[in-house]
Every structure is written in C-alpha cells, then in structure tokens.
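> Based on what follows, work out the 3D shape:
(2 chains)
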Amino acid sequence: MNDRSKEYALPMEYGISSTRMEIDKFIIPAVTIFIALLLFFFMLFPLSAILRLSFFKGGQFGIANFTLENFQRYFTTSYTLNALWHSLYVSIATTIIVTVVIFFFAYAMTRTTISGKTIFRNIIMMPLVAPSIIQALALIYLFGRNGLITAHFFHTSWNIYGSTGIIISEVLYCLPHAFVILYTTLSAVDIRLDEAAESLGATPFKVFTRITLPSAKYGIFSAAALTFNLTITDFGNPVVIGGNYNVLATEIYSQVTNLYRFDLGATISIILLVPSLMAFILNYYISRKTFSMISGAAKPVIPPSRPLKKVSYTIYCWLVSLSIIVIFATVVIGSFVKIWPYDWSLTLEHYSFPSIAGYSAIWTSLWVSLFVGIGGSFLTLVAGYVMETRRPFFKQFIYLLSVMPAAIPGLVMGLGYILAFNKPYYFFYGTPWIIVINIIICNFTLGILSSISNLRNIDPAIEEASISLGGDTVKTFFKIIFPLSRVAFFQNFVYFFMRSMTTISAVIFLVSATVHLASIEIIMLDNDGWTASANAMCTCIIVIVLIMLGILQIVSKKTGKREEGLVSAI
Amino acid sequence: MSKKLVLENVSKHFGSLIAVNNVSLEIEPGEFLCFLGPSGCGKTTILRMITGFEQATSGNIIYDGKIINDVIPQKRDFGIVFQSYALFPNMTVNQNIAFGLKMRKVPQKLIDERVVEILALLGLTGWERHYPSQLSGGQQQRVALGRAIAINPNVLLLDEPLSALDAKIRIRLRTVIKRLQEELGVTMIYVTHDQEEALALADRVVIMREGEFRQIGSPLEIYKEPKTSFIAEFVGTSNFLTCTKKNGKIQFGKLEFMVPDLSDIEEEKIYLAIRPENIELVDVTVSGENCVPSNVVDVEVEVVNFLGAIVRIAFFLEGEEMFVDVPEKEFAKITLKRKDEMKLYFPPDAFYVYTEMFRKLI
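Just a heads-up that it's a prediction; the model follows:
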C-alpha cells in the first residue's frame, strides 16, 4: 500500500447521498406512468368515446346496448354512403398521380445530373409551411367561378369545384410527404446496380423496369400508403373546393356541426378509421423491410446524364415546381389584390380581417403553437429517453401507445375530444389548452420516433459513465442527455410548431366562440365570402412559419459548432 | 484502506448462453490485475458485474467483507474507464473531471484544487477549457482516466482502454497507467485482449476462455509455464508438434525426441509446444557438444523474416511449418537465406507437454 495515496484522498464527508439514490429508483417508473396516463387519457379515452357512441345505443356501454344500427343506417342512406365512394375514388386517384409524379421527380434528384437540385428540393417542400387549404384557395382563384384562367382568360363556365378540385389540391398537398420517402429510397438504393446492368448490355428502358423500379418497390408502396392516408383524412381542401361532392371528412363535420348527429359523426369516423388504419399498418410493415435493404456504402458519383435526359428532366422538374410556386403566388398576390381577378390595384384592406376574431385568431394560433412546440418536443424527448432505459414491460406498452396517434385521423381525434371532454368538470374544455394537448398528441408519433433515433446516436457508455461517477437519472438527463440533444430538440420544436400553425382537421371541432385559430379562420372567412381575406390569413400563417424556420437556421448554426462531438469521440 | 475484492462462484447466464461459468478469485488491494482473453471470453461481463451494470446470475461479489451484488453502481465507489472513453462531449476537460466531485457536492474550491492536481498528474495542464472533440485520442483517454480517479476510488476498472489508439501512443499510455497505479496505490482491474499489454502492466494475469479462468499467475509464470495448449498459443507464439508416445520416447513423424517428465502421462497422443526463441541454432546460439543428440535436426530454410530485433526463420519439419527466432546479432554472423541448410536443437526442457489440443477459433 502506498503512502502517496493519502495525499490524494478525498475527505470522508463527501459521498453519494443515499436519499437521492432512493428517490432516483422511482423517477423512471413515475415518468413512464405519467406518459402512459397522458396517452391513455388524451388518446384512448376520446377514441373510446367514439366507439361507444357508434357501437352502443345512446352511447351507453353494455352488452344489451350493442348495436350495428348506426352502421346499417349509414350504409343504406345513399347520400352518406356516397361519401365513402367519393373518398376512396379521390384518394386512389391522388395516390396514383402523386406516386408517379414524385417518382420521376425523386429520380431526377438522385439519378440525373440536372442543375438546380437544391432549388427543386426546397420548392417541393414548400406545401409543408401552409395549411392544407392553400391549394384549394389558389385553385379557386385560378379555376373557380371567377377564376383567372377559367372565367377571365377562357371565358368558360367550367369550374374546378368537385372531385377534380379535390384531387388536384390533394396532389399538390401530398407532394412533399411522398417526396421525402422516395428521395430517401432512391438515394439509398445503390446506383451501381443500374450501371452494372447497363454494362451487361441492358437498354435504358430495361434497366429502368427491371432494376430501378423494383429496387424502389418498398419506397413506392410506402409513399403510396402515406399519400392515401393523408388524402382520405384531409378536411381543409375538400371543405373549400369540394362543393357538393362530399367525402368522409366533410361528412363527419357536417353531421356533427350542422345536424348535431354526433352518433352518425362517430359512425363515419369509425368507417374512416378503417382505410386509414390499413394504410398505416401497411406502411409500418414496409418501413421495417426497407431498413434491411439500405446499404450503408451506396453513395457513388452519378454518371453525367445524356443531354436529352438532362433537358427533359429539367423541364419536368420545373413544371412540377411551377405548379407549387403558382399556388403560393396566387394566394399571396390574391391577398393584396383589391378584387380578384378584376381590379388589380394593390391594397391592404383584406388584412383588416372582417371576422369576429381577426388578429386575435393569429395571436392565439401563435402562442398555442409555441406551447405545442415546447411541450411537444420536451415531452417526446423525455418519452424517448424513457424508452431507451431498460424496462422491458413498460417499454413495449409505451411504444404501442406512442405509435397509435399516427394511425388516427386528426378529425376523428378532434371529435373524440368533444365527445369525451364536453363535461363541466373537464376544466380545460373550451379553452385553448385542449387544443394544445390535442395537437401534441396527434403529432406525438413522429416526435418520439425522431427523439429515439437521435438518442440512439449518443454512446450508451456516456450514461454509464455518469452513473459510475454518481449521477442519478434526473442529473444525467439535464446535464448530459438534454444538452447533447439540442439540435434534435430544436428540429422537433419547429416540427410541432409548424404542424400546430397549419393543422386544420384536428382542431376544427375544438374552436369555439371564444377560442379562434388562424387556420380555421381561413375556412370561416371563405365560407362568409371573404375569399381575399382568407388568402390574407393564409399568407400570415406562412410568414409566421417561415420566420420560425429562419430562427431555427440561425440557432442551429450557432449550436452546430459545438455539436461536433455529439457522438462520443471514438 | 485494505479492501479486498472477492469473486465467489460467480456465474452469468444470458438465457441459455453461459457467459461466465462459476469463477472465483481474490483480488488483493493495491494489485494490478489483468483479465486477458480472446473476444467473447467473458472478461467484460465480469467487469460489468463488478461495477454493477450487470447482475450476477449466481455467486457473490464481495467488497470489504460485504456482499455488494445489489448495490447500485453509484454507491460502489469504483472508478471506471470505458473503451470508448465516454467523455461528456458537451463539457470541457475541467467539467468532465469535476463531474464525479460535483455529484458528491464537494465545495467548488476543493474541486478546483483537485482538478488542477489531476491535470498535472496526467500531463494535461493547459487543456482545461478544451472540449473532447478538440483533443487527440491519447489526450481523451487521459481525461477519462482523470475523471475516474478524481473521486479517489479504491478500485479502478479499465475496459480495454487503449484498444482504439495506435501502437506508439498505446505504449506511451501504458506507462502512464502503470505509473499512475504505483503512485496512487489503487487496485487496478484491467481487461484486455492484447497479451503484450497484459504482460507489461499486470502484477497478476487471469487468462480467460469461454467464461472460465484457465490460468492465474504472474506474467512470467504465464509465459514460461503455460498450463494449456491454448495459453501457449495465445500468449506469445508457439510451435505445435503432434506426437505419439512409444516406449518412453516421443515420436514426431520419423523423429524421436527426448522430453523430460513423461512418467505420469498415460495417453498415447501427446502435443508438444516449443517457443520459437527457445529453439537453438547449433554452433551459433548453442555449442554442439551441449546438445542431446536425439533432439538435433537438419532442416532447410523456407522464409527468412526480418523483424527488427529478431529474425524469424520459417522451416518445415515432418511436414509441419514452424518458426525459430534468432537474435539479429547472432543471425548477422551466419546470414542464412532460402534453401540453406541449418541444424536446429530442441532442448528437452523447453518443451511444453499437453495431452489436449485447443480448438482453433477462427
């Protein structure tokens, strides 16, 4: 034994507090239970209210009350039944169009050497910063009864209202979502397979049909499933441009809001759940398969494209991009034009919103979104952290609960909320808080999945190092895990913020006389005939989202420098 | 300060996989103990059971006379150095080293003093405000060491801490670690698959294979008297000869070798092992008169490998490829080349005799 060791000895009174460690034992279970209760109460409970109302007489539980009468009535009333066929038709049409259009667009991004790819990639993502109503608004201004193109230029009486309008607006809405999937797929699949086939004598056509297409098979199915799901659950576009062409989403709304038939609304919600759930499960299966196909080393240089290929793809990408730009331009310009399409003088009069809410709606949306952003990203970070700790039983359960929100259409969730919480003792009902909770829960899945994937990047030994030095769960989380997840946290914040500003379906049932949201105001203004003001409101939302995106860029650049050592230095 | 760490019939099962099989060991306070073995032998599992990140399936881990199986890692007061260093990327060198002290609510003034002390001990003075990503691998490893010893643990556990570094830095850091252990007097438990490292650092080495302790001893003992054929091969290099025992003599192909101490061996099949440096070159490294005639052979040189301080000559004997190591100074006197003849002497007492041969794990 060495005498020098005495020099380095630490005074005995400094040790690890036993009480702190005792409390620490309960932290993870407590947080897990909290999150489980949250999802239970704010997701399963509303869902059960819908089930109750549609499957049981008078909404009372009990074997005697079980009935399929509501469904019977639905399937025998031709008007409401048509909503189902309409929805399926529109969704399938949109799915086919989007998948084809985006496939070639993603192909152009990943397999050709056209210039301006960054611009194209940014433009294709633009629809995400606006509510899924901007397409309808723009199309009406262009092709509606007083449309710039239909009435003004061509003087026809044809207009875009109805299924055509819905399909086109949904196509333009779904482009970014499908693009993300297909871009990832085509980037990951090895381009050298194409080259190998060519070197063996295959014609470009054969290479395309035998090699390129099949290798992207899972991505295509995944994008298709997602598009189908997005379209069939969308409310914003159909309600504005659908006219008399009813779809499931608008049917639910009108049954509940106009006819006060909550039971029928609940029934239609269940019917909407079926295709939505199927598409979700399909997507889930596919995404598991895709992971095993992505090769880590597949990033070689793309061979220069032949001039004809280059030109045609460039034109193609510009056409797609222009359609998106035109949508945004129409709405923004339309908000400043006195009387579209007749009086082109610029004015700000549409920005003094002639509705009851006006700017207060924007204000409410803004701070609701800030709360959603902070609450959502923090909650999903904590939930993700809990998932990564070793608690097998809880983990599977929480995982299942966490993935469910993605399978439930926002409209259905919203209806569930008013059915479940419309009681005096639920103090948050009728306040903006119920909206905050609703939006967080509806977008919970992507948030937690992104958190988990980010947490996986952190060397697990780092947590063990903290523990070995005496760190408890809370200290480890706040001093180490949270600082290391800063970039992911901001990204999640912006995601939640963006969804909150632009969501319509989830909150359409939750606004009231006292609580107004900007995205819903658009519909109200349009309903009342103030179309230009509706465009103005839409523009305001876009500007706010863009500003937040800009702030994220600046913040992530600043923290980016120190995040080099995000992963432990091995 | 004399706190002994004892493993008592410790086993660890992962389902049907037996990672550690009923091992026992007493670790003396202040000793430098090395667990050495190939990948998957269970050495890291034992380490993790000692630190508390893994629970033993059966058996006891005893420290200072008390069973600590259920004590949480935070309360064990052991320092750990991880293979990936696991430095906190968002904290400076100072903050990393101070972390354990902060957790113990040590007053800031004391923390600052101690950190300065440790930086000096490890040669890191001047790097206080740097982040791990700004340091070299060797520096990061020293910070990891500093962080672990800051809390003045009685036992320091290191899990292959040098495996990610290049050879020269590894050798340098080895000295840092050895010197540190001698200065602080901590019990050091070191896990590695690098036998050179183990032999250079440890007071005692525990050779592990397939979850069991195969031999425990000082580096010299392990090297000079490997108990099993696996150890003869794993530690250092050995040539292996498959022989048969006949009439008290060992037959290797057409040759007959003399080997001492055969009385208690009943098996017919015998495996001999001899280290390349123990094979002598007749009339070069050993004089011909001192050789037992039956153990002298004539062979032809296959390949001459110049390894710096020694020259390794490959040759065939009875169809088996073998090596003999000759000090470079001696080799310079004769300079053999391919196809030359040489006379080799296999001293009888240089042979290790085994009745089993290990399975070659590829």
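
> how about low-confidence regions in the stretch 101-250 of chain B?
Counting by pLDDT under 70, the ranges of the stretch 101-250 of chain B that qualify are B:248.

> now do 80
B:246-249 (pLDDT under 80).

> go on, the stretch 301-450 of chain A?
The low-confidence ranges in the stretch 301-450 of chain A, as defined by pLDDT under 80, are A:301-303, A:305, A:355-357, A:388-397.

> which residues in it form strands?
Ranges of strands in the stretch 301-450 of chain A, per DSSP state E, counting those that start in this stretch, are A:337-339, A:343-346.

> now for the first one, which elements pack on it?
The reference is to strand A:337-339. Secondary-structure packing of strand A:337-339 (3 or more C-beta pairs under 8 Å, 6 or more residues apart in numbering or on different chains; DSSP states H and E): strand A:343-346. Where C-beta positions appear, they are placed from N, C-alpha and C, glycine not excepted.

> okay if I get the strands of the stretch 301-450 of chain A as a markdown table plus mean neighbour count?
A markdown table is the format used below for the strands of the stretch 301-450 of chain A (neighbours: other C-beta atoms under 10 Å in any protein chain shown):
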| stretch | mean neighbour count |
| --- | --- |
| strand A:337-339 | 15 |
| strand A:343-346 | 10 |
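
> For my notes, please list those strands in TSV and give distance to residue A:463 for each entry.
Shown next, in TSV, are the strands of the stretch 301-450 of chain A (distance: least, C-beta to C-beta, whole Å):
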stretch	distance to residue A:463
strand A:337-339	58
strand A:343-346	59
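
> Now residue B:343. Its backbone dihedrals?
Here is the backbone geometry of residue B:343 (degrees, to the nearest 10): phi -110, psi 120.

> Can you name the residues bridging to it?
On the basis of DSSP bridges, residue B:343 is bridged to residue B:298.

> Need the three-state assignment for residue B:331.
Per DSSP: H, G, I helix; E, B strand; the rest coil, the secondary structure class of residue B:331 is helix.

> Need the nearest residue in space to it, chain neighbours excluded.
residue B:311 (4.3 Å; C-beta to C-beta, 6 or more residues apart in numbering or on different chains).

> I'd guess that neighbour is in a strand, am I close?
Yes: Residue B:311: assigned to a strand according to three-state DSSP.

> give the contact list for it.
Residues counted as contacts of residue B:311 (C-beta atoms under 8 Å, 6 or more residues apart in numbering or on different chains) are B:304, B:305, B:325, B:326, B:327, B:328, B:331.

> Alongside chain B, which residues does the stretch 351-500 of chain A contribute?
A:459, A:461-462, A:464-472, A:475, A:479-480, A:483-484 (C-beta under 8 Å from any C-beta of the partner chain).

> Show me the residues you listed that map onto helices.
With helices taken from DSSP state H, the overlap with those comprises A:461, A:462, A:464, A:465, A:466, A:467, A:468, A:475, A:483, A:484.

> All the helices of the stretch 251-362 of chain B, residue numbers only.
B:328-334 (DSSP state H, counting those that start in this stretch).

> Same list (the ones in helices among the residues of the stretch 351-500 of chain A next to chain B) but as TSV, adding neighbour count and pLDDT.
Output for these, formatted as TSV (neighbours: other C-beta atoms under 10 Å in any protein chain shown; pLDDT from 0 to 100):
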residue	neighbour count	pLDDT
A:461	20	91
A:462	23	93
A:464	20	92
A:465	28	94
A:466	24	94
A:467	21	91
A:468	28	92
A:475	16	90
A:483	17	91
A:484	24	90
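
> and the two most separated of those residues?
Farthest apart among these by C-beta to C-beta are A:468 and A:483. That separation is 19.3 Å.

> got the ones in helices among the residues of the stretch 351-500 of chain A next to chain B as JSON lines, with distance to residue A:324 columns?
JSON lines is the format used below for those (distance: C-beta to C-beta, whole Å):
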{"residue": "A:461", "distance to residue A:324": "46"}
{"residue": "A:462", "distance to residue A:324": "43"}
{"residue": "A:464", "distance to residue A:324": "48"}
{"residue": "A:465", "distance to residue A:324": "48"}
{"residue": "A:466", "distance to residue A:324": "47"}
{"residue": "A:467", "distance to residue A:324": "50"}
{"residue": "A:468", "distance to residue A:324": "53"}
{"residue": "A:475", "distance to residue A:324": "48"}
{"residue": "A:483", "distance to residue A:324": "38"}
{"residue": "A:484", "distance to residue A:324": "36"}
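
> For PyMOL, write the selection for the buried entries among the contacts of residue B:311.
In PyMOL, this line selects whichever of these come out buried by 16 or more other C-beta atoms under 10 Å in any protein chain shown:
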select buried, chain B and resi 304+325+326+331
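
> Report how many residues lie close to the residue nearest to residue B:267 when sequence neighbours are not counted.
With C-beta to C-beta, 6+ apart as the criterion, residue B:267 has its nearest non-adjacent residue at 4.8 Å, and that residue is residue B:355. Around residue B:355 there are 13 other residues, counting by other C-beta atoms under 10 Å in any protein chain shown.

> Which parts of the stretch 101-250 of chain B are helices?
B:108-122, B:137-149, B:167-184, B:195-201, B:219-224, B:229-234.

> Pick the most buried one from these.
helix B:137-149 (a mean of 24; mean count of other C-beta atoms under 10 Å in any protein chain shown).

> Tell me how far that helix lies from the chain's centre.
When distances are taken as C-alpha atoms, centre = their mean, to the nearest Å, helix B:137-149 is centred 21 Å away from the chain's centroid.

> Can you spell out which helices and strands pack onto it?
Counting by 3+ C-beta pairs under 8 Å, 6+ apart, helix B:137-149 packs on strand B:78-81, helix B:93-103, helix B:108-122, helix B:167-184.

> Throw those into CSV and include distance to chain A, thanks.
Below are the helices and strands packed on helix B:137-149 laid out as CSV (distance: least, C-beta to the nearest C-beta, whole Å):
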stretch, distance to chain A
strand B:78-81, 4
helix B:93-103, 3
helix B:108-122, 7
helix B:167-184, 5
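
> Which SSE is immediately downstream of the helix or strand harbouring residue A:218?
Using DSSP states H and E, residue A:218 sits in helix A:217-233. Per DSSP H and E, the first helix or strand lying C-terminal to helix A:217-233 is helix A:236-241.

> Give me the buried positions along the helix or strand harbouring residue A:267.
Residue A:267 belongs to helix A:262-293 when elements are defined using DSSP H and E. Neighbour counts over helix A:262-293 (16+ other C-beta under 10 Å) mark A:262-273, A:275-276, A:279-280, A:282-283, A:286, A:290 as buried.

> And that helix, what does it pack against?
helix A:45-55, helix A:69-76, helix A:78-111, helix A:217-233, helix A:248-253, helix A:410-421.

> State the pLDDT value of residue 295.
All of this refers to chain A. On the pLDDT scale, residue A:295 is placed at 51.

> Chain B was what I was after
With respect to pLDDT, residue B:295 scores 86.

> Next, work out how far apart it and residue B:323 are.
Separation of residue B:295 from residue B:323 (C-beta to C-beta, to the nearest Å): 17 Å.

> What distance do you get for residue B:190 to residue B:184?
Using C-beta to C-beta, one gets 14 Å for the distance from residue B:190 to residue B:184.

> try residue A:86
Going from residue A:86 to residue B:184 by C-beta to C-beta gives 79 Å.

> Same question for residue A:374.
47 Å.

> If you drop the residues flanking it in sequence, what lies closest to residue B:87?
Excluding the flanking residues, the one nearest residue B:87 by C-beta to C-beta, 6+ apart is residue B:132, at 4.1 Å.
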